[in-house]
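Visitor: Quick check, what structure comes out for this input:
(chains A and B)
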Protein chains: 2
Amino acid sequence: MLVLSESSIGILGLGLIGGSIARSLRHRFPTINLIAHDVSDTNTEIALKDKTIDACDTLENVAKGVDILILALPPLNNIEIIDKLPGLVNADTVITDVSSVKSAINIALNSTPTSFKRNFVLGHPLAGSEQSGYSASSSTLFYERNVILTPNENTSTRAVGTIHRLWHSIGANVIGMSVCEHDEMLAATSHLPHLLSYTLVNVLIKKNKGNDIFRYAAGGFADFSRLASSDPALWAEIFLTNASEIEAILDAYIKQLTNYKDLLLDKNKDSLAIEFAKAKTARKYFMEKHFSSQSSPENMAVTKNYVVNPSNRIKGSLRVPGDKSISHRAIILGSIAEGITTVRDFLEGEDTLNTLAAFREMGVTILGPSRGKVVIYGVGLRGLQKPRKPLNMGNSGTAMRLMAGILSAQSFNSILMGDESLSNRP
Amino acid sequence: MLVLSESSIGILGLGLIGGSIARSLRHRFPTINLIAHDVSDTNTEIALKDKTIDACDTLENVAKGVDILILALPPLNNIEIIDKLPGLVNADTVITDVSSVKSAINIALNSTPTSFKRNFVLGHPLAGSEQSGYSASSSTLFYERNVILTPNENTSTRAVGTIHRLWHSIGANVIGMSVCEHDEMLAATSHLPHLLSYTLVNVLIKKNKGNDIFRYAAGGFADFSRLASSDPALWAEIFLTNASEIEAILDAYIKQLTNYKDLLLDKNKDSLAIEFAKAKTARKYFMEKHFSSQSSPENMAVTKNYVVNPSNRIKGSLRVPGDKSISHRAIILGSIAEGITTVRDFLEGEDTLNTLAAFREMGVTILGPSRGKVVIYGVGLRGLQKPRKPLNMGNSGTAMRLMAGILSAQSFNSILMGDESLSNRP
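Guide: This is a model prediction of the structure:
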């Protein structure tokens, strides 16, 4: 297993994301060897001067001989370079990218040799800012933010595990999903809002002839137009490379907007109010569910530490009916297996999602659950990482007992937490 | 002139806005007599208990006998009540409302007697929150926020001056504009963004079947959907009562969005990037120009205080060619005149806008400049208010000299500031 602190990492592109990865790695592993390439001499000069990188070099030289190579260029440049890379990198170099679109990158990857493909883990940190460039980069950009990895059956678990540990080490939460799911989700929750924001500002500019419409705009408008401050060239590329997903969601949006216009012209106050109430409720649910860090210790009820004794190693192959107890076991076995485990008919519930989250925290990349399917990139029994925070087992006695067994066999200490009811159980 | 601290003020509706006005007035003028009406007994009970209001009563009893009556009900209720009010209020009661739409209120007002109309000042504070109700109200909601008044030629300068002083006393900046300008601006910068936000969330709900699309949405989406948390029934009313303006801007928006979709499908990256760059630049300008408090002392260069000697009173009627020096004089004369002054061919520049801002700060309601037209609701020479902050004359020697003359005749002290160059002039 690659030891990150002793590894050599190459970064192509020192913009906001590439620069922030470099700063984060330098901060976390002072001894790491970081080399970078950027078309802007200014970026690399500043990064050398502030000692974030050890050297800068040509794209070809950076790609040669590093343990991990990170493509942090705009999407079209990343695609271009994927063609050239197999001739440049070592056979065991693990590669990842950070693009906001994955299908387009994946298509480029498909025509590379299998030996190259297996080392390439498509990735995307859901972190950013409307600011751009190395000057806006920060060593804390990824702290507690989600990073999505979209490996497939061609990707080796070694490569997935390495990239998972890299993001984990700089504070990110790693989540797996399929390329299609990623691009559909991003089109809806990020790409469309950006397009809506650019469009709003441009409509107002047209409206603004001789009449300073912005002058007394209030805070809501400021929030809403913030995304329109994002890098125009980068976003034009993102839209083009995810065009079909964006078109689909954009059509749905225009249709919905036209419906609401009709309700407005019909003076149908009640239907409008019902529609808006639906949105308000959904948004409230969204904010409570996903924007409060639910797994933080402050949100937990009474906690207790258990001293657990080692249990035997678990090994085998299973074909069992899907239920909660079996779903827990499926995650556990898949995580400590070596290789890719696909689980179908996974029972998705609060308890099993807690177990998933626990193994993600210990460095396992897990795709889904999506329509009952979960894909686990097992790290092997020795591959689990020390969790950075207590693992929350919620109300699940099954998970608590199974996890206690697994964790007792690890070389690191860990804390298991439960809700009030679980903590009071013997 | 009505002394606010000794006056009796009635508020109809103790929601977020009505409640915040009540709390602000109570905080500023502990001795004021505040009575309120709300359909919710809970709201009035809490407001009585926390000593924000002195009494609650029926709508009719609140309207009777107060010096100032504030309509803080939803737009359609405000419209309904305007019919009844002329038979209820005293002849000299000054009335205002807080609705986000002004045309619909104005139409209702048009069929009231002239003697009632002249006392009614249409108003709208550009302050709010996606939260609603008395429990979300605060005594600082209007601090440093813009309040728009839309008086017309039927409105008395006495009524305009009274409502201006009321908002000024609780920290707001008062701006005048025409009813049409207000509704067009609000449709573009507030109503449309709210509709876009509700629509986005509802499109995502539809998309979300069996696939938790919100789960990994990032911060940009949270910002963008914030407006969808606003009160659904209230916003349905706002949309209906400003339907024609919203329809116009919505059509422009859908057209622009469709254009961008075509650029996307044509893979026209350059045109998209140019469009987005236009939006980014406009937004940057907007934020710098209107969201930094440019008139705050910290942003000023070297400052100097001048001791000025009293000058003679200025009085008269002028018909002169439009230029900068004359534009300054027009604002000054209009502000200290009694009655409404309309200025045409106003030269709009940084200097003259500074002079406008200075008189607004001293309690004068000024509409425009809009296409060279400025309408000033003069408060009379004795009607100017002590400014809450130094008056910035920027780089204008003319303004500095004229203002020094005017201010020396006032009963209050005031500070005039200029930029570095002006401060160094003798």
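Visitor: Show me what from the stretch 301-426 of chain A comes close to chain B.
Guide: A:370-371 (CB under 8 Å from any CB of the partner chain). Every C-beta, even on glycine, is put in place using the N, C-alpha and C of the backbone.
Visitor: Point out where the stretch 301-426 of chain A drops to low pLDDT.
Guide: Residue ranges of the stretch 301-426 of chain A with pLDDT under 70: A:301-322, A:426.
Visitor: That one: strands as residue ranges?
Guide: Remark: strands assigned in the stretch 301-426 of chain A by DSSP state E, counting those that start in this stretch are A:338-343, A:365-370, A:373-379, A:391-392, A:416-417.
Visitor: same check, this time on the stretch 151-300 of chain A
Guide: Using DSSP E, counting those that start in this stretch, the strands of the stretch 151-300 of chain A run over residues A:173-176.
Visitor: Tell me where it is predicted with low confidence.
Guide: Short version for the stretch 151-300 of chain A, where the test is pLDDT under 70: A:209-212, A:290-300.
Visitor: So for chain A, the centremost residue is which one?
Guide: The centre of chain A sits closest to A:V147, judged by CA atoms, centre = their mean, with a distance of 1.8 Å.
Visitor: Now do the helix or strand where it lies: everything it contacts.
Guide: Assigned by DSSP states H and E, A:V147 falls within strand A:146-149. Contact partners of strand A:146-149, identified using CB atoms under 8 Å, 6 or more residues apart in numbering or on different chains, comprise A:96, A:121-127, A:160, A:163-164, A:167, A:172-177, A:182, A:365, B:216, B:218.
Visitor: Same question for stretch A:26-36.
Guide: Counting by CB under 8 Å, 6+ apart, A:4-12, A:14, A:18, A:22, A:25, A:44, A:47, A:51-57, A:61-62, A:66, A:139, A:169-170 sit against stretch A:26-36.
Visitor: Filter the residues you listed down to the ones in strands?
Guide: Among these, the members found in strands (DSSP state E) are A:8-12, A:55-56.
Visitor: buried subset of those residues?
Guide: A:9-12, A:56 (16 or more other CB atoms under 10 Å in any protein chain shown).
Visitor: tell me the two of these that are most distant?
Guide: Using CB to CB, the pair of those lying farthest apart is A:I9 and A:C56, separated by 13.3 Å.
Visitor: Let me know whether A:I366 touches A:V375 as I believe.
Guide: Yes: with contact defined as CB atoms under 8 Å, A:I366 counts as touching A:V375 (7.1 Å).
Visitor: which one of the two has more residues nearby?
Guide: Per other CB atoms under 10 Å in any protein chain shown, whichever of A:I366 and A:V375 has more neighbours is A:I366, with 25 against 21.
Visitor: In contact with the more buried one, which residues?
Guide: Counting by CB under 8 Å, 6+ apart, A:I366 has contacts A:175-176, A:331, A:334-335, A:356, A:359-360, A:374-377.
Visitor: repeat that for 6 Å
Guide: Shown in contact with A:I366 (CB atoms under 6 Å, 6 or more residues apart in numbering or on different chains): A:176, A:356, A:360, A:376.
Visitor: quick one on the thing from earlier: list the neighbouring strands of the strand holding A:V147 plus their orientation.
Guide: strand A:123-125 (antiparallel), strand A:173-176 (parallel) (DSSP bridges).
Visitor: so how far is it from its chain's centroid?
Guide: Distance of strand A:146-149 from the chain centroid (CA atoms, centre = their mean, to the nearest Å) equals 1 Å.
Visitor: Format the CA atom coordinates belonging to it as CSV.
Guide: Extracted C-alpha coordinates of strand A:146-149, given in CSV (Å, rounded to 0.1, in the frame of the first residue of the first chain):
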residue,chain,number,x,y,z
ASN,A,146,-17.9,15.7,-0.3
VAL,A,147,-15.7,14.2,-3.0
ILE,A,148,-17.4,12.0,-5.5
LEU,A,149,-15.5,9.1,-7.1
